[in-house]
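Novice: What would the 3D arrangement of this be:
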Amino acid sequence: MYSGCADQHYGHTTYSQHGEDLVIVNMFKLWGLDLNQIKYLDIGCHHPLHISNTALLHERGARGLCVDANPNMKRYFEEFPRPDGRWLIMGIGPEEGEMPFYMYDPTTGRNTFSEKETKDYGCVVTETKMLKVITIDQLVVNYFDPEEAMWPDFLSIDIEGLDLAVLKTATWSPDNRPKLICAEVRRNETGEFVEHLMKRGYAPIIRMGENILFADINMRAGGAA
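Specialist: Below you'll find the model as predicted:
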């Protein structure tokens with residue numbers, strides 16, 4: 001079995017759906033940042049390994065929090081634990097409260113809080129659960145740094161149609177925000193999504209499948225080509 005080459009800085013294995021994780025670790029390397037010091041937040045993580053944007057980061061020393069709304073995914077985080085890793089079964093929405101969670105099957109990553117999403121993609125909803133949701137700001141304050149509310153270096157968000165609505169509620173500042181964001185962006189929302197994040201100081205780097213990587217413009221000026 002091929003075990004990779006020594007010149008492959010981050011190995012030859014990718015866990016992301018489209019290879020995004022190899023770009024992510026490379027961006028931090030270009031910026032001269034030690035992965036052992038990197039913090040991540042993975043919202044809508046789905047599974048600790050399957051199509052994960054943070055599994056490779058964690059293998060290479062980064063630490064953080066994985067969050068998914070689906071209670072059925074709990075067993076996978078128990079089956080495939082990450083050393084020093086944290087996970088949380090919790091919905092993230094534009095505001096705190098309860099929302100209907102539309103499920104196509106018990107474990108698909110396509111389950112969603114967005115009723116529009118179920119109609120746009122014509123999937124058959126087999127079960128609807130009312131689940132508790134909190135805002136992304138509450139998540140950062142409660143699970144990262146309650147005193148300073150410091151945002152992690154990397155944010156991955158993939159919540160099936162609510163990504164932009166949730167990001168619009170994030171109250172980060174120029175000196176306290178993610179350095180790199182990987183967001184699921186539907187093709188018909190690309191213009192609005194890019195415009196919003198550019199106004200907040202982020203530049204799109206690359207689209208990979210349904211995901212776009214956005215970099216803090218101050219980081220790009222500091223070394224990303």
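Novice: how deep is residue 32 tucked in, by neighbour count?
Specialist: Using other CB atoms under 10 Å, residue 32 is surrounded by 8 other residues. All C-beta spots, glycine's among them, are computed from the backbone N, C-alpha and C.
Novice: I'd assumed it was in a helix, is it?
Specialist: No: read with DSSP: H, G, I helix; E, B strand; the rest coil, residue 32 is coil and lies in no helix.
Novice: Relative to residue 135, how far out is it?
Specialist: Going from residue 32 to residue 135 by CB to CB, to the nearest Å gives 33 Å.
Novice: for the spatially closest residue to residue 16 that is not a sequence neighbour, phi and psi?
Specialist: Spatially, and ignoring its direct neighbours in sequence, residue 16 is nearest to residue 53 (5.1 Å; CB to CB, 6 or more residues apart in numbering). Torsion angles at residue 53 (phi, psi; degrees, to the nearest 10) stand at phi -90, psi 0.
Novice: For residue 53, give me its contacts.
Specialist: Neighbouring residues of residue 53 by CB atoms under 8 Å, 6 or more residues apart in numbering: 15, 16, 20, 21, 24, 42, 45, 156, 158, 182, 211.
Novice: so what's the first one up against?
Specialist: Yep, that's residue 15 we're talking about. By CB under 8 Å, 6+ apart, the contact set of residue 15 is 21, 49, 50, 51, 52, 53, 55, 56.
Novice: do the same with the last one
Specialist: Listed by CB under 8 Å, 6+ apart, the contact partners of residue 211 are 16, 17, 18, 20, 53, 158, 182, 183, 184, 185.
Novice: Columns secondary structure, distance to residue 176 and pLDDT on top of these, output as a markdown table?
Specialist: A markdown table is the format used below for the contacts of residue 211 (DSSP: H, G, I helix; E, B strand; the rest coil; distance: CB to CB, whole Å; pLDDT from 0 to 100):
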| residue | secondary structure | distance to residue 176 | pLDDT |
| --- | --- | --- | --- |
| 16 | coil | 26 | 96 |
| 17 | coil | 29 | 94 |
| 18 | coil | 29 | 94 |
| 20 | helix | 24 | 96 |
| 53 | coil | 22 | 97 |
| 158 | coil | 23 | 94 |
| 182 | strand | 19 | 98 |
| 183 | strand | 19 | 97 |
| 184 | strand | 24 | 95 |
| 185 | coil | 24 | 95 |
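Novice: any idea which of the residues you listed has the most stuff around it?
Specialist: residue 53 (28 neighbours).
Novice: any idea how far residue 95 is from that one?
Specialist: Taking CB to CB, one finds residue 53 at 25 Å from residue 95.
Novice: Doesn't residue 141 lie inside a helix?
Specialist: Yes: counting by three-state DSSP, residue 141 is located in a helix.
Novice: out of everything not next to it in sequence, what's closest to it?
Specialist: In space, residue 141 is closest to residue 149, 4.7 Å off (CB to CB, 6+ apart).
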